[in-house]
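Enquirer: here is a sequence together with a model predicted from it:
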Amino acid sequence: MSKVFVLDTNHQALDPVHPGRARLLLKAGKAAVYRRFPFTLILKRAVEHPTLHPLRVKIDPGSQTTGLALVNDASGEVVWAAELTHRGQQIKQRLDQRRAARRSRRQRKTRYRPARFNNRRRRTGTLPPSLESRVSNVLTWVRRLSRLCPVSAISQELVRFDTQALEHPDIEGVEYQQGQLAGYEVREYVLFKWNHQCAYCDARAVPLELDHIHPRSKQGTGRVSNLTLACHSCNQRKGDQDIRAFLREEPERLARLLAQVKTPLRDAAAVNTIRWALYERLSALGLPVECGSGGGTKCNRMTRALPKAHWLDAACVGKSTPQVLKLRGIVPWKITATGHGSRQMCRMDRFGFPRTGSKQHKRVAGFQTGDLVRAVVSSGTKQGTYVGKVAVRSSGYFNITTRQGVVQGIAHRYCRLIARSDGYSYHLGKERAFPPAT
Ligand SMILES: [Zn+2]
């Protein structure tokens, strides 16, 4: 089971405890709830010189979803795991929307102002907003976790495949030359270079095999530059023919493939902006950062017979991964970035004209849109108990998004705060049994 974080009364992070232990602490009045998400207790006393077991934050950054795992390297125990969904495209949409609204307003209201089009300075080293948000999301979580538990190191997947290892297999020793790891790095690389599809019939989502462009039986090498992807039937049809003979009928495809073969390794390597930016900022946190490759992660995951999931990938990042990962009962949190609300003053109709009055205050009666509340309505047509995210209205009658749907017009006096909006929404992922039942 995911453990519960514990702080002492001076906000010093202690070892996370089992949920049962946490319940006892709460029952005995020795601790109070400090945070709901992630669930954290604060002790009512200070702990002098606690014995701490260092944890490692492991990250598998993705463009949609990032896997996070807290692993105890010494015992192999996964203490906590989550899958963080980014806003990405939503940010771009919002910015486009804002641009359109401003353009429209300028046409209607501020035509008399002098043109203003070339007066923006682009700061160097900044990322586009949608990428920046992904990097910041991960950084926020690493910072949060290191405040809540004794984090001593970070592991991050930096590259899809280790190009160094592909080109100079000898530098990493015998493991890369004939070990499993070599196979995984090569496969990841070839899949990426050939776009996850059969080179001969463009089939996707079928099992793909590695195909030697210049066949092995005719002295073709086993180097990555001689490899491509083929579906089973194309691979069988090609057999030991040379690519030129096999694609006699399709000169266009042949020319395209031969051109792609020549693309050098470094151009095809994923120079992933988000990952490198994240790496730089993680390094600045002052904790040792270990980098892993996608091929290495996959190898670690396969040798430990784990299914594909973002949080499991995260737990398998890097060479530090323990031989046995203890995952029993771990259910990853699904965390979704929701942002911190909108700064738009009023809603528009579909023609871009104001539809509502301008928003006066973000906070109404102490509540803010996105806060998690519990409303117990004692009388009237809305009688009942509602738990969910609140959307505040200046009238004082709020909307609450519960699991069953949106309930409108709940007066603020019935609402009790459970958790402040912190830019993320949370729910528990589907329970997976570990080890899988046989
Ligand atoms: Zn095919």
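Expert: Nice, thanks for sending it over. Numbering: from 1, shown residues only.

Enquirer: buried set for stretch 209-219?
Expert: Leu210, Asp211, His212, Ile213, Pro215 (16 or more other Cβ atoms under 10 Å). From N, CA and C alone the C-beta is placed, and that goes for glycine too.

Enquirer: do that stretch and the ion meet at all?
Expert: No. Using Cβ under 5 Å from the ion, stretch 209-219 stays clear of the ion, coming no nearer than 9.4 Å.

Enquirer: for that stretch, C-alpha coordinates in CSV please.
Expert: C-alpha atoms of stretch 209-219 as CSV (Å, rounded to 0.1, in the frame of the first residue of the first chain):
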residue,chain,number,x,y,z
GLU,A,209,10.5,-7.5,-36.3
LEU,A,210,14.0,-6.2,-36.9
ASP,A,211,15.0,-6.6,-40.5
HIS,A,212,18.5,-6.5,-41.9
ILE,A,213,18.4,-4.2,-44.9
HIS,A,214,21.4,-5.8,-46.4
PRO,A,215,20.8,-9.4,-45.4
ARG,A,216,23.0,-11.2,-42.9
SER,A,217,23.4,-14.2,-45.2
LYS,A,218,25.1,-11.8,-47.8
GLN,A,219,27.6,-10.3,-45.3
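
Enquirer: so for it, mean pLDDT?
Expert: Averaging pLDDT along stretch 209-219 yields 84.

Enquirer: what do you get for stretch 37-54?
Expert: On average, stretch 37-54 scores 94.

Enquirer: how many neighbouring residues does the closest residue to Arg87 other than its chain neighbours have?
Expert: Once flanking residues are discounted, Arg87 sits nearest to Ala337: 4.8 Å by Cβ to Cβ, 6 or more residues apart in numbering. Counted by other Cβ atoms under 10 Å, the residues lying close to Ala337 total 22.

Enquirer: bridging residues for Ala337?
Expert: Counting by DSSP bridges, Ala337 is bridged to Tyr424.

Enquirer: quick one: contacts for it?
Expert: Applying Cβ atoms under 8 Å, 6 or more residues apart in numbering to Ala337 gives the contacts Leu84, Thr85, His86, Arg87, Ser133, Asn137, Gly423, Tyr424.

Enquirer: in three-state terms, label the residue of the stretch 251-400 of the chain found nearest the ion for me.
Expert: Closest residue of the stretch 251-400 of the chain to the ion, Cβ to the ion: Arg253 (11.3 Å). Here Arg253 takes the helix state, with states given by DSSP: H, G, I helix; E, B strand; the rest coil.

Enquirer: local confidence estimate at it?
Expert: Reported pLDDT for Arg253: 89.

Enquirer: so where is the protein shaky, pLDDT-wise?
Expert: 161-182, 263-271, 429-438 (pLDDT under 70).

Enquirer: about what we covered before: does the residue of the stretch 251-400 of the chain closest to the ion touch Arg244 like I think?
Expert: No. Counting by Cβ atoms under 8 Å, Arg244 is not a contact partner of Arg253; they are 11.5 Å apart.

Enquirer: so for the two, which sits in the more crowded spot?
Expert: Using other Cβ under 10 Å, the more surrounded residue of Arg253 and Arg244 is Arg253, with 15 against 12.

Enquirer: and for that one, nearest residue in space, chain neighbours not counted?
Expert: Leu247 is the one closest to Arg253 (Cβ to Cβ, 6+ apart), at 5.7 Å.

Enquirer: and what of Gly409?
Expert: Tyr397 (4.5 Å).

Enquirer: the one you found is in contact with Val407, isn't it?
Expert: No. Contact between Tyr397 and Val407 fails when scored by Cβ under 8 Å: they sit 10.8 Å apart.

Enquirer: out of the two, which sits in the busier spot?
Expert: Val407 (17 against 14).

Enquirer: the more buried one: what's it in contact with?
Expert: Contacts of Val407 (Cβ under 8 Å, 6+ apart): Lys382, Tyr386, Gly388, Asn399, Ile400.

Enquirer: just flag the most distant two among those.
Expert: Lys382 and Gly388 (13.7 Å; Cβ to Cβ).
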